[in-house]
Every structure is written in structure tokens, then in C-alpha cells.
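J.: sequence unknown, structure follows:
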């Protein structure tokens, strides 16, 4: 894939640049991408037809009796995201009937989008189909610029994948209209309630060279935080006053100290700001982005990389407010975090951004789509209790369109996540490697071929099930030293590396193992990472999981699902035994082939009285009764303690991304000890 979502301008102010070519050919991500290409993307047009998205476009185009659903103002964006996903899939290569059919579907939907566009360039069917609707008057909830942003990104992808200009011309006409309407001294001096236009405008600038698109993106970034959206009051909304932080309109981006509000909106905005900083060299904006990423990573990110602690307003919540069972952790937020993190990795060259991208990719993102590619999760909790009831999330817990349920669903009424997953998986090779004047950097490990920084390599690995990563240098400068940089994941306490079978003398610094030498074609580097299971403790300020541990192996977070445990052993009754040594076992027949982890646990028997769930915790005074043993604070009687003695019980954990692929039931990541 020589085309990708980010194509920096020649003068971009970044430490690194995306690989010039990248292709994933085998292993974990190749399998997930194959299902995406053969199932998810293929089903997209039918899903959009059934949901009414395409009917809206036909009605806006003037088709007789086209009908429309018009349920949400952002429905056009689902079509645009599918077009982007399908375009990246076409760019990935391939031939045959499937490829040809996808190409025809892309052109059919692109033509439908073009036909729906108004003569002056405007395109948003929710407003076009309402005779009383006025453009740009409800920026808080109208999603006009948000839909435009996804159209622009789809058009750029289509242009890079096919070489055709048709959809790009549609997008440029809409962008020209927006540029004529928005800005100081123009008809509208305000921002959209849902960011997304910012990064799209920067990419349109990169594709066309039109500087005014970059300037318009800069206007939208700097205008936010100046109160143009008010407090959010709107007639007919369930929560009419979410407040300015909901859409990041409470403080300017460059002055903000903490991520806030709706998680997806915040991260789309920061991704756009990172694109802007990359093209302008704005150091103040760059410093703010580093500060905001650090706040998010240190205080508001789940172990899985998911973000968004609250169902209410889909927001980040407070620092260390990370409840496992009430986590929203929307799939779209994981995608937005990956997009922001990759841009920060390119901007700064810092390995920690790619560390979080890896964690999010394998866990909080990969869980969003079922292994069969046909069912989805919008929310990604870290615990689901026995007999979990989704009723509080929606009026009808059995509604298959419930995007807030902890159950996989064929599609959603608010279907932002499925096509978003499709476009990230279709463009995933773009996130693997980068280059600079010194050489090539491997950020993520997947079997494939990558070219950047004046050289090219082939990677072969069974990662994440195996820790051996073999890198063959196919091309490098013949008469000069060249650097191959391998990211050493932050979870890897040790590693081994060889070149041509000989241990390397270099040691990793700041997350990068940099191997600089004059390379011969065919030389092989082998990086070995330890994949021993490990127990992870939370920050003690995360009150919801204090006293618990999670099981991890390599980049994967693990969870317990009810169906893998001994009969009668409830997840709520499990505690890991002291000193347990988790043991891995690969099971090729389970969940498409996974490594499970077994551990020794204890079955907690509950209170001795049965009807009352609280226990005597002691008075805090030292014990004086010699029959009670050594002095301490536990005043519970010996008999009571004996009655409550836990029973040994083995437990089995599976990778978190694979949960909810067999049957609905209890699940948990954090386990008491």
C-alpha cells in the first residue's frame, strides 16, 4: 500500500514520515484484515441500504419515491466511512471477481454521493431533506461539518486508491463552500459540535496543495474553546445542557491541560491539531498535544487502551475514574486514540505513542468486531456481571440495534463504529512503519514488507502468540550506514537481538533499538521478546479495581469468560491465589487459534450469615486474646474465618479481544487477589 490516510507535505515538520510502501502478508492482522475485506466491507452497502442511509442520498438526489429515514443528522458519515474503507481495500491490491465487484460498488456509491450534492456544493441529506431546515444554524448538534470531514477523507482515499478525481471534486466543492462561509468576518464565525473536519481539511490540503484548506483547518482548531457553541441547550434533547467541555469549547486547544468531554470528539480534534502542527511547525500547539496525550494516557485510559469512562455523554470522566463494569470505552474512541497516537509518533518520533497504539489495537479496538466480521460492539466494558441487564442502556435490551449493549450486534441504529472499524483495518498497513533521513522504523510487528527511509525490509513473525520477530533487510544504501530501528514495547522488561546470528552490542534507548551499520541485502535481524504471562496491578488511585490484578501476555490483555471456568464457579466468587504462576497454552481450535492462560484461583464462599453481604472488618485495635494468634486488626473469630476459607479452583483466561464471540455471559478483566 503506497497510499495511506496520512501523506505529509514535503515541508512537514515531523520527526518521521509514514512508510512509502507497506503490506501486511500474514499472521494475526492479516487474518483480521482478510475477514474485514471478505465479510465486513462486502456487507457494508447492504447494511447501509437496510438502515436507510442510501435512501437518504437517493432522496436528496431527487429520485422519485426514494424515501428516507433521516433518523440522525450524521447518517451520511456512515456512507463516507464505508467509501473510505472500501477505497483503502482497493488500494491494498488484489484481483478477481471480488475485487471487481468491490470496485463497482465503490463507484456506485460515489456516484450516488455526487448526485446528492446541491448545486452550490452543499451536501448533508439530513438538512437537504427538510424544507424548513436552515444551514449552519445548529452547529452544536447538526453534524454538517462532521459529515463533510468524512466525505473529504473518503474522497482523498478514493483518489489515492483509484487515481480518479470524481469524488475528490465533490469534496473540494463542499470544502470551497465551507471556506466561503466560515471564518472571521464571514457569514459564520463558529465551530462544529463534532470535530472531524480539521484533520480532513489538512489531508485535502496535502492532496491538492490548496493552502486555504490548511488555513481553514487552523481556523477551526484555534476558534474552538472560545464559547461559540454556548452551553449546548437545544430543544428536544435528552440532556439539553451538556456544557462547553462536552465538545471541547471551554478552553482553547493550546491552553488545555486535560482531555475532557465526549471522548471521540476530543480525540478527533487532537488528531486534527496534530496534523496542523505537523504542517505548520507550531511548537506551542505541539507542546499542548504532548500535555493532553500524557493526561489521557496516565489518568483516563483503561488497561485495554479504551477511553471514555462514562455512558453519560460518552465522556472521559474524571482522572482515575475507570470503572470496569460501567466503562463506555467506545470502539470509535479507540480508533480516534490510535489516529491521534500515530500522528504524535510521526510528529515526535517518541516510541511511547506507538506503545499505546499497539495496546489499543490488540485490545480496545480489536474487541469491537467479532471474529466472524458480522457482529459488533460499540461499548467495550472490562466486566460484565452474571445475568447482566442492558435495560438501563436502552428501552429494549433485546433490540438488535442497541449500540450501548454489552452484546455483539449485527448493526446499530447509530452505526458509527462498524464502518470506522472497516476503514482502520483496511488502512492498517499504513500504521506499521515509518522512515527518516537515517533509516526505517518498525512501530508495530506484523508479517509483511515495508519500505521507508531509503530502504526496505521483510518481516516474519507469529506475534502476538510468539515473541520472535525476524526482519530481513532487502534494500539499504550500498555506500553508507543505514539505521533499522525496532520498537521495544514498554511491557518488555528484557529482550534479545541478533544480526546474522550474532548478538548486537547496541542497547535500546527511549524505547528504540537502533541498529546502524552498512547492511548487505539479505541480512537478518532477529528480535526476541518475552511472552511470559504477567500480573498487572492498577494505579491505587483507580478505586474501582483496587486490590485486583489483570493478566497480560505480550501486547494482549486477558479476561475470564464464564463458559471457560469449571461448572458452578461464578466469576464474582473468584480470587487469584497468592503466588499463582499463570501458564500459557496455545489452542489452535479455540476462537480462531488463541493462547489461553490458566491460573490457580480460589472460590470465595461469601459471608457466613448468607443474607448479609458485609463482614466484620475489626475494630482497628490490636488483638489481645491469645487464642486469636498474633496481634493484628482482624477481630473475626477463628471459627468464622475457618468457615469462610476459600476453596481452590483453576481458571482459564482468553484474550480480551475475543470475548463475546461464543455466547452472552459474564466476563471480567480485573480479578481480586
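T.: Arrived safely, thanks for sending. Only a predicted model underlies this, so the values are computations on that prediction, with no experimental measurement involved.

J.: any stretches of the stretch 251-400 of the chain with poor pLDDT?
T.: Along the stretch 251-400 of the chain, segments meeting pLDDT under 70 span 389-400.

J.: the helices in it, which residues?
T.: 263-280, 283-299, 331-348, 351-359 (DSSP state H, counting those that start in this stretch).

J.: packing partners for the first one?
T.: So that's helix 263-280. helix 197-208, helix 211-223, helix 283-299, helix 331-348 (3 or more Cβ pairs under 8 Å, 6 or more residues apart in numbering; DSSP states H and E). For the C-beta atoms, the positions are set from N, CA and C on the backbone; glycine is no exception.

J.: could you redo these as TSV and give each row mean neighbour count and distance to residue 36?
T.: Formatted as TSV, those follow (neighbours: other Cβ atoms under 10 Å; distance: least, Cβ to Cβ, whole Å):
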stretch	mean neighbour count	distance to residue 36
helix 197-208	26	22
helix 211-223	20	29
helix 283-299	18	27
helix 331-348	26	13
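
J.: nearest to residue 455 among the helices of the stretch 251-400 of the chain would be which one?
T.: Closest approach to residue 455 among the helices of the stretch 251-400 of the chain (Cβ to Cβ): helix 331-348, 17.9 Å.

J.: between helix 351-359 and the closest one, find me the angle.
T.: Relative orientation of helix 331-348 versus helix 351-359 (axes from the mean of the first three to the mean of the last three Cα atoms, to 10 degrees): 150 degrees.

J.: now do helix 331-348 against helix 263-280, angle only.
T.: 20 degrees.

J.: need the distance between the two termini of stretch 650-664.
T.: 22 Å (Cα to Cα, to the nearest Å).

J.: what's the answer for stretch 353-369, then?
T.: Span of stretch 353-369 from end to end, Cα to Cα: 23 Å.

J.: report the distance from that stretch to the chain centre.
T.: Centroid separation between stretch 353-369 and its chain, computed with Cα atoms, centre = their mean, to the nearest Å, is 6 Å.

J.: and stretch 256-266, by the same measure?
T.: 15 Å.

J.: which of the residues in it are buried?
T.: For stretch 256-266, a neighbour-count test (16 or more other Cβ atoms under 10 Å) marks 256, 258, 259, 260, 261, 262, 263, 264, 265, 266 as buried.

J.: isn't the third one right up against residue 298?
T.: No: using Cβ atoms under 8 Å as the test, residue 259 is too far from residue 298 to be in contact (10.7 Å).

J.: what about residue 327, neighbour count?
T.: Residue 327 sits with 26 neighbouring residues when counted by other Cβ atoms under 10 Å.

J.: what sits against it?
T.: Residues near residue 327 by Cβ atoms under 8 Å, 6 or more residues apart in numbering: 302, 306, 308, 309, 379, 380, 381, 382, 383.

J.: residues touching the fourth one, list them.
T.: Right, residue 309. Taking Cβ under 8 Å, 6+ apart, one finds 300, 315, 316, 317, 318, 321, 322, 323, 326, 327, 328, 329 in contact with residue 309.

J.: before we move on, what about residue 516?
T.: 438, 439, 481, 482, 483, 506.

J.: go on, residue 553?
T.: Per Cβ under 8 Å, 6+ apart, neighbours of residue 553: 464, 531, 532, 533, 534, 584, 595, 597.

J.: sounds good, over and out.
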